[in-house]
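1. Starting from these lines, generate the structure:
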Amino acid sequence: MSMDFKIENVLSMNGGQTDSSYARNSCYQEISLRILQPYLEESIGQMKMVPCGRFCIADLGCAAGPNTLHVAQIICRAVQKKYKALGIGMPDLQVFFSDLPCNDFNLLFQSLPLSVPPDGRLQACHYFAAGVAGSFHNRLFPRSSLHFIHSSFSLHWLSRVPPEVENQMSSSWNGDRVYISKEGRVEVAEAYLRQFQEDLKSFLRARAEEVVEGGWMFLFFSGRAGACPRQQGGSGAVGDILELAFKDMVCEGVIERATRDSFNLPFFSPSALEVRELVEEDGSFLVKKMEFLSMDTEMKIQSDVDFGRMVAKQFRAILEVLIASYFGEHVVESLFQRFAERASQNASVLYNSLRQGGGILAIIERACTP
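-> Model prediction:
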């Protein structure tokens, strides 16, 4: 990508409530959150709560839609349950919804089921809400201000595409591919891994400043079960389909080859070991749980054509803004039509890759300073 193209200025899920919006095309995330809910509730149940006037929660990479509000309710109910069980005075609950500036915060706040009585006392599962725009690779909150952080389906996004994969003179140049491929150069996967390591270190440094001692982070993001970084699971399979769709458009003269060759997807699926090593190297957090969690979700489809259309809609909701910002809005409809066709043609392989996919569940506690 060109040097003046900054991902944090354009990256967001499709806003609004249209047929291609993220709010209407995040069923996989919804199913995954049902699987994650017991882990989320258990982690809060294990926290050491202390009396405080305000208990602060942050959802990093919150996006917008029903899943965002459902997670906030789960967390707030679990916190209230814990305080009630301990017999400690119930603090006010403050939830910070944080994402990049392009996120549809308007939709998010219009959807809040929040009503505070005239006396100012919050009822069950009510919380004070605020939005925080910015990159979680940097500081977002004051020092020692957060008690619990949640982030799902976000930390695999990189702050930038590794520069070397776009440098034709580099052994890591990705050529006509748009993502890591199991048939591609190992140097490409290694470059992506280095960028992920750099970004996660920045994330941990920032959160170490913001989370109180004894505070917890519940993180879930795209990951892989195996050790080889070229085996990117569902992300790799989607990248392969998108690559085929782009090739079709280049062959048809809709997109210039050089423009396609300069585009690469800015995310990476790490292994649990890679994440654990970075957390332990940083030393600011203690690992409570670190594992690859298989989603193994069943998808109800009528035909390969229906499957291709469904997957195209889901990933259009995730990638449209990024792709439109780089190639222009005029390519979006045609690109995802071809994506649907290619997904239909490769339905069996793609279906198995997505169904057997999963992510890294990292539950970590802010260590006490000496």
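2. Point out where the stretch 1-150 of the chain drops to low pLDDT.
-> 1-5, 113-125 (pLDDT under 70).
3. residue boundaries of the helices in it?
-> 7-10, 27-45, 66-86, 105-110 (DSSP state H, counting those that start in this stretch).
4. among the ones you listed, which is nearest E281?
-> helix 27-45 (22.4 Å; CB to CB). Every C-beta, even on glycine, is put in place using the N, C-alpha and C of the backbone.
5. Let me know the angle separating that closest one from helix 66-86.
-> Following axes from the mean of the first three to the mean of the last three CA atoms, to 10 degrees, one obtains 20 degrees for the angle between helix 27-45 and helix 66-86.
6. ok so, going back, out of the helices of the stretch 1-150 of the chain, which is closest to E291?
-> Comparison of these against E291 by CB to CB identifies helix 27-45 as nearest, at 9.9 Å.
7. Packing partners of the closest one?
-> helix 66-86, strand 146-152, strand 211-222, strand 285-294, strand 358-366 (3 or more CB pairs under 8 Å, 6 or more residues apart in numbering; DSSP states H and E).
8. C-alpha coordinates for the longest one, CSV please?
-> The C-alpha coordinates for helix 66-86 follow below in CSV (Å, rounded to 0.1, in the frame of the first residue of the first chain):
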residue,chain,number,x,y,z
PRO,A,66,-26.1,-6.1,18.6
ASN,A,67,-23.0,-8.1,19.5
THR,A,68,-21.3,-5.1,21.0
LEU,A,69,-24.2,-4.3,23.4
HIS,A,70,-24.7,-8.0,24.3
VAL,A,71,-21.0,-8.3,25.4
ALA,A,72,-21.4,-5.1,27.5
GLN,A,73,-24.4,-6.6,29.2
ILE,A,74,-22.7,-9.9,29.9
ILE,A,75,-19.7,-8.1,31.5
CYS,A,76,-21.8,-5.8,33.6
ARG,A,77,-24.1,-8.6,34.9
ALA,A,78,-21.0,-10.7,35.8
VAL,A,79,-19.4,-7.7,37.7
GLN,A,80,-22.6,-7.0,39.6
LYS,A,81,-23.0,-10.7,40.5
LYS,A,82,-19.4,-10.8,41.8
TYR,A,83,-19.8,-7.7,44.0
LYS,A,84,-23.1,-8.9,45.3
ALA,A,85,-21.6,-12.3,46.2
LEU,A,86,-18.8,-10.5,48.1
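9. What is the neighbour count of the closest residue to I149 other than its chain neighbours?
-> Closest residue to I149 apart from its sequence neighbours, by CB to CB, 6 or more residues apart in numbering: M217 at 4.3 Å. M217 has 24 neighbours, counted by other CB atoms under 10 Å.
10. Quickly note the distance from M217 to P142.
-> Distance, M217 to P142, by CB to CB, to the nearest Å: 17 Å.
11. So in terms of bridging, what pairs with the residue nearest to I149?
-> I149, I364 (DSSP bridges).
12. returning to that earlier point: E41 is nearest to which of the helices and strands packed on helix 27-45?
-> helix 66-86 (4.7 Å).
13. Nearest residue to the middle of this protein?
-> S154 (1.7 Å; CA atoms, centre = their mean).
14. Next up, the contacts around V331.
-> V331 makes contact with M249, V254, I255, I323, A324 under the criterion CB atoms under 8 Å, 6 or more residues apart in numbering.
15. most neighbours, which of those?
-> Busiest of those [other CB under 10 Å] is I323, holding 22 neighbours.
16. Please point out which parts of the helix or strand it falls within sit buried.
-> Using DSSP states H and E, I323 sits within helix 304-327. For helix 304-327, burial by neighbour count (16 or more other CB atoms under 10 Å) applies to 304, 307-327.
17. pretty sure S170 contacts R185?
-> No - when contacts are counted by CB atoms under 8 Å, S170 is not listed as touching R185 (9.9 Å).
18. what about the two, which has more around it?
-> Per other CB under 10 Å, whichever of S170 and R185 has more neighbours is R185, with 19 against 16.
19. what residues are up against that one?
-> Contacts of R185 by CB under 8 Å, 6+ apart are S171, S172, W173, N174.
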